[in-house]
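K.L.:
Structure here, sequence nowhere to be found:
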Ligand SMILES: Cc1ncc(COP(=O)(O)O)c(C=O)c1O
């Protein structure tokens, strides 16, 4: 789906220099590269605190731990997401309370979040799926009313915006992944937590190193969740090229939208955003291919971490996939099964209905951004 060798070729020299700098420093754990990266990415996203951690899954775990999620606590999150979102809740003994998806952006139905808040709700995780922000205002309003923290799972959305506000800066905490396929990818693993709250930042810095500010004096149960010094050095190089990488992504997405309209007869699923529950799926459509919809009208708010179309008709998605494979085009299914249907969560006796998430699991197909559609 992604040619990482080609992606790194223009700054190969800078990456090699970063490697040499770390090699020659002899500092491999929480040294000057991590510090510099945290400083630069905090400035880039516009938050006072950024904490480099081991990966995006651990970033979620630490964020939940920082707001004291523990056994029996409920955390609201979308059902149509990557496993780590719900997995982090369960790793702490919490119970994920799922929300269905919006037809427009595939993000959690922001209008349904308030109704899911109950006496055991300890936090809300809003995921900015595929590089596009969830509709944050209704979520933030509901959370504020009940005094509940909001964690933004921005693993796929570094650089995305909702009404000009950067992903990961709107809630209590933002979490990011630097898995190689993300908007900013490490040459390995990495993650980040952002926050405006100095005391939460301080707590996360302790949790990152076994709950100790002073070595061997443990105030809380943490773990080893450190971002590697070498990865921080690579990420610093790539962060300096991030704006142009995001512009390129947006241009490729524009080209692909046009190509799919022309060659595959693809259409937009809706005339306007239905995040607020003000619209309905239309079943009669002139085409079997539905294009990804941008809810945020502001230019450049979507980062297109994944370009996900919907292919309507029973079995049609798989037919398209096979056809593409024959032409040597790789595609992916993000995600074939939503969280409310995963065996590991069934013990929670999940109630509610998730019709849109189930449709997305059956119809979604991620195409490579550089794909040029034929007839
Ligand atoms: C939405 C979402 N959350 C969390 C993660 C976890 O990040 P990582 O793979 O760095 O652990 C991912 C990674 O794919 C993701 O897409």
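P.N.:
Perfect, I can see it now. From a predicted model like this one, the values you see are computed outputs, not experimental measurements.
K.L.:
Flag every buried residue along stretch 46-62.
P.N.:
Judged by neighbour count using 16 or more other C-beta atoms under 10 Å, the buried positions of stretch 46-62 are 47, 49-62. Every C-beta, even on glycine, is put in place using the N, C-alpha and C of the backbone.
K.L.:
That stretch: end-to-end distance?
P.N.:
Using C-alpha to C-alpha, to the nearest Å, the end-to-end distance of stretch 46-62 comes out at 21 Å.
K.L.:
The closest residue to residue 153 other than its chain neighbours and the ligand: what is the separation?
P.N.:
In this structure, residue 153 finds its nearest non-sequential neighbour in residue 127, 4.2 Å apart by C-beta to C-beta, 6 or more residues apart in numbering. Distance of residue 127 to the ligand, given as C-beta to the nearest ligand atom, to the nearest Å: 5 Å.
K.L.:
For residue 127, give me its contacts.
P.N.:
77, 78, 81, 82, 85, 107, 108, 134, 152, 153, 155, 156 (C-beta atoms under 8 Å, 6 or more residues apart in numbering).
K.L.:
Identify, from the buried residues of stretch 46-62, the entry nearest to the ligand.
P.N.:
residue 56 (2.4 Å; C-beta to the nearest ligand atom).
K.L.:
So in terms of bridging, what pairs with the closest residue to the closest one other than its chain neighbours?
P.N.:
In this structure, residue 56 finds its nearest non-sequential neighbour in residue 177, 2.6 Å apart by C-beta to C-beta, 6+ apart. Beta-bridge partners for residue 177, by DSSP bridges, are residue 191.
K.L.:
Okay, now the unreliable bits of this structure?
P.N.:
278-287, 297-300, 375 (pLDDT under 70).
K.L.:
what residues does it put near the ligand?
P.N.:
55-57, 81-82, 84-85, 127, 153, 155-156, 177, 179, 189, 191 (C-beta under 6 Å from any ligand atom).
K.L.:
Which ones among the residues you listed map onto helices?
P.N.:
Among those, the residues falling in helices (DSSP state H) are 56, 57, 84, 85.
K.L.:
Would you mind giving these as CSV with distance to residue 238 added?
P.N.:
What follows is these, written out as CSV (distance: C-beta to C-beta, whole Å):
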residue, distance to residue 238
56, 16
57, 21
84, 22
85, 24
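K.L.:
Looking at the residues you listed, spot the one nearest residue 209.
P.N.:
Nearest to residue 209, judged by C-beta to C-beta, of those is residue 57 at 17.9 Å.
K.L.:
For that closest one, give me its contacts.
P.N.:
Per C-beta under 8 Å, 6+ apart, neighbours of residue 57: 84, 87, 88, 177, 191.
K.L.:
Now do the last one against residue 35, distance only.
P.N.:
In other words, residue 191. Distance of residue 191 to residue 35, given as C-beta to C-beta, to the nearest Å: 16 Å.
K.L.:
Look at these two and report which has more neighbours.
P.N.:
More crowded of residue 191 and residue 35, by other C-beta atoms under 10 Å: residue 191, with 28 against 13.
K.L.:
you'd agree that one is up against residue 55?
P.N.:
Yes - under the criterion of C-beta atoms under 8 Å, residue 191 makes contact with residue 55 at 4.5 Å.
K.L.:
What's the separation between the residue nearest to residue 354 when sequence neighbours are not counted and residue 112?
P.N.:
Nearest residue to residue 354, sequence neighbours excluded (C-beta to C-beta, 6+ apart): residue 100, at 4.6 Å. Residue 100 sits 6 Å away from residue 112, going by C-beta to C-beta.
K.L.:
Quick one: residues contacting residue 19.
P.N.:
230, 233, 234.
K.L.:
likewise residue 239?
P.N.:
Counting by C-beta under 8 Å, 6+ apart, residue 239 touches 37, 40, 41, 44, 184.
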